[in-house]
Each structure stands twice: as structure tokens, then as C-alpha cells.
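Trainee: attaching a predicted model along with its sequence, questions to come.
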Amino acid sequence: MKKLAVVAFGGNALLQAGQKGTIEEQEKNAFEASSNLLHLLNRNYDIVITHGNGPQVGNILLAEQAGEKMFGVPQMPLDICVAYSQGFIGYMIEQQLRNVLEANDMDQDIIAIITQVLVNKDDPAFKNPTKPIGPYLTKEEADKMAKETGAKFVEDKNRGGWRKVVASPKPLVISNKKSIEQLARAGHVVIAVGGGGIPAFYVDPNKLQGIDAVIDKDLASALLAKQINADRLFILTDVAKVCLNYNTPQEKTIDRMNIAQARQYLKDGQFAEGSMAPKIRAAVDFVENTGKDAIITKTTLLGVDDGGTRIVFI
């Protein structure tokens, strides 16, 4: 019997630090990321792909701001920018995965679904922005933009730069989850919950409305994996394995940890917010609620035996 996996591509897997963000760069990255899905497809997995959008949605927002300032084009709110990013990243992954499949004489439908995700408009995250989006800036550039726009910026010491942060409320319900599961179990590759999903809430009992935020892709991916009864959650990042004392002389990789150990490492501050911490929380959430394993690793080790860090129940 085939197994169902949710595979969460990071936004930086598609647009890497130091790149300009040209479509050629992103298509090349998408092709390389998609090539690694062959490991799972050949191991009898049905697949749902989710993806981040931090670099891309930040760039879209900058373009929106510039368009309004220079040409008077009405600026779209952040939820619409998330929808923009879902559309073009979904298209890009679909196209590049199609190229991979055809090069390997494989024929499967690939279906990208624009996905709304329900959040609570009173989530305390709206008063404490933490989700990094957009390009890495110097301290001078960040200070200038903060003064001009009122945006909040934080430093990413591991990657050397300052990034804008926005509200990141907890995802509650994935829209169209039944269809996502049915399509995936029918053998189609599904792309969903892009950028964590488009954040929406009920402004009235029967009226949905978008809200200015970006949902964490890993938490949304874990929620989707639970709601579609996935057998495994893969969270892809830019390191082979989770590390303790990351980027220090005492750095140590972790092959396997249970949810109690993961929680203790989080409590000890071993994992940076806006980086590894959300991935660990997402993995713990999936494992605790399903009893199934989650794996955090880099794209090139997807589906490889002993690749990555495995998070288990006990």
C-alpha cells in the first residue's frame, strides 16, 4: 500500500541567500529541489508539496510599495501578496517537476491548489511580529526602511543580515483538505499551502476575509499533514541535520530525538526563532498528534536512508 508524505520546501530552497531572485535562478533551484522528489516517488510515496515564500513575498511587497510610490498603483495587502506568491511558485514547481518526471519517463498529474488557511484575528502574534520575509539588508538599509515605512526588522546573525518581520498567527484549519488528500491518494502530486497558506478569518459568521500576515509554512505543513492523515512529514532546510550549538566550535549534529528531547532543546534556546525553532515545533506537533515520524533535512538528502534528523514519539 502506498504511503502519503507531506514535503515542505523552504522558501530559501527556491531563492537562496545571495541570489538576486531572477526567474532563471528560481527555476534552476526548483528543478534541483524537484529532482530529489524522485527518491520518494520511487519508494512508493504519494506526495503533497508545500513551500515557503519568505524571500518571494517580501520582494512582492517591496514591488507593491515601489509601484504605489512611483506610479500611484494601489498597493495590495499582504494576504494578496501571499496569494501572488502561491500562484507563481506553484506554477514554477509544477513546471520544473514536470521537466524532472518527463526526463525520467514518468507521467503523473501535478496540481497546484491556491490554499486559504483559517486564523484567529485576535491571535497575540498580531501584536508581536516575528516572521522574517524579504531580502537580507544591512543595518543601515533596515534602519532607513523602518523609518520610512514603520516596519520592524530583526537581525539574523547566522546568515548575516536584517530582515523585515510580520505577524505570523497560528494556522487553525486548512481549506480544501479533503480534496488535497483525495487527489494525492489518487496518485497525483499536489502543491498546496504555499507560503503557509493565505491567512483568512471570519469577519462575520458567513464571510471570510484576508488578514495582513504570513503563516509559518512549517506549522501549516504539520497541520495539513495531520488533517490529511499523512504517514510522514519531511521538512526541508539548508542543513543536512539539526544541530546543537549551531555555528559554534561545540556544534553537534542530531541523528534522532524524541519529542521530550526536542521540547527541552527548545526550552534551552538551542534553536533560533525564525529559523530552526518553528521547524522543530512543527515536527513535534505532527509526531505528538499522529505517532508518526517527522524528518528535518536538506533537499539533497530527501528520502535517503539515515539522511537528516528523525523526530520520533519516544
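Mentor: Sure, I can see it.

Trainee: drop to CA atoms for contacts and neighbour counts, all remaining ones
Mentor: Fine.

Trainee: packing partners of the worst-scoring helix or strand of the chain on mean pLDDT?
Mentor: The helix or strand of the chain with the poorest confidence is helix 11-14; it has a mean of 75 (mean pLDDT, DSSP states H and E). Packed against helix 11-14 by the contact rule (3 or more C-alpha pairs under 8 Å, 6 or more residues apart in numbering; DSSP states H and E) you find helix 23-35, helix 54-71.

Trainee: buried residues in the helix or strand just after the first one?
Mentor: Per DSSP states H and E, the first helix or strand lying C-terminal to helix 23-35 is helix 38-41. Residues of helix 38-41 classed as buried: 38, 40, 41 (neighbour count, 16 or more other C-alpha atoms under 10 Å).

Trainee: check whether the second one really touches residue 301, as I assumed.
Mentor: No: under the criterion of C-alpha atoms under 8 Å, residue 40 lies out of contact with residue 301, with a separation of 10.8 Å.

Trainee: now do stretch 94-112: distance from first to last residue.
Mentor: Terminal residues of stretch 94-112 lie 7 Å apart, using C-alpha to C-alpha, to the nearest Å.

Trainee: give me the distance from that stretch to the chain's centre.
Mentor: 21 Å (C-alpha atoms, centre = their mean, to the nearest Å).

Trainee: could I get the average pLDDT for it?
Mentor: Across stretch 94-112, pLDDT averages out at 97.

Trainee: 508 is where my numbering starts, stick with that
Mentor: Done: numbering now begins at 508, and the last item shifts to stretch 601-619.

Trainee: list the buried ones in that stretch?
Mentor: For stretch 601-619, by 16+ other C-alpha under 10 Å, it's 601, 602, 603, 604, 605, 607, 608, 617, 618, 619.

Trainee: including distance to residue 656, could those go into a markdown table?
Mentor: Converted to a markdown table, the buried residues of stretch 601-619 look like this (distance: C-alpha to C-alpha, whole Å):
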| residue | distance to residue 656 |
| --- | --- |
| 601 | 35 |
| 602 | 36 |
| 603 | 36 |
| 604 | 38 |
| 605 | 41 |
| 607 | 42 |
| 608 | 44 |
| 617 | 39 |
| 618 | 37 |
| 619 | 34 |
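
Trainee: list the buried residues of stretch 761-781.
Mentor: Neighbour counts over stretch 761-781 (16+ other C-alpha under 10 Å) mark 762, 763, 764, 765, 766, 769, 773, 777, 778, 781 as buried.

Trainee: next up, the contacts around the last one.
Mentor: Contact partners of residue 781, counting by C-alpha atoms under 8 Å, 6 or more residues apart in numbering, are 637, 638, 639.

Trainee: the first one now?
Mentor: When contacts are counted by C-alpha under 8 Å, 6+ apart, residue 762 touches 748, 749, 813, 815, 816, 817.

Trainee: just put those residues in TSV and tack on distance to residue 670, neighbour count and pLDDT.
Mentor: Formatted as TSV, the contacts of residue 762 follow (distance: C-alpha to C-alpha, whole Å; neighbours: other C-alpha atoms under 10 Å; pLDDT from 0 to 100):
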residue	distance to residue 670	neighbour count	pLDDT
748	24	22	96
749	23	25	97
813	34	12	81
815	27	28	95
816	27	21	97
817	30	20	97
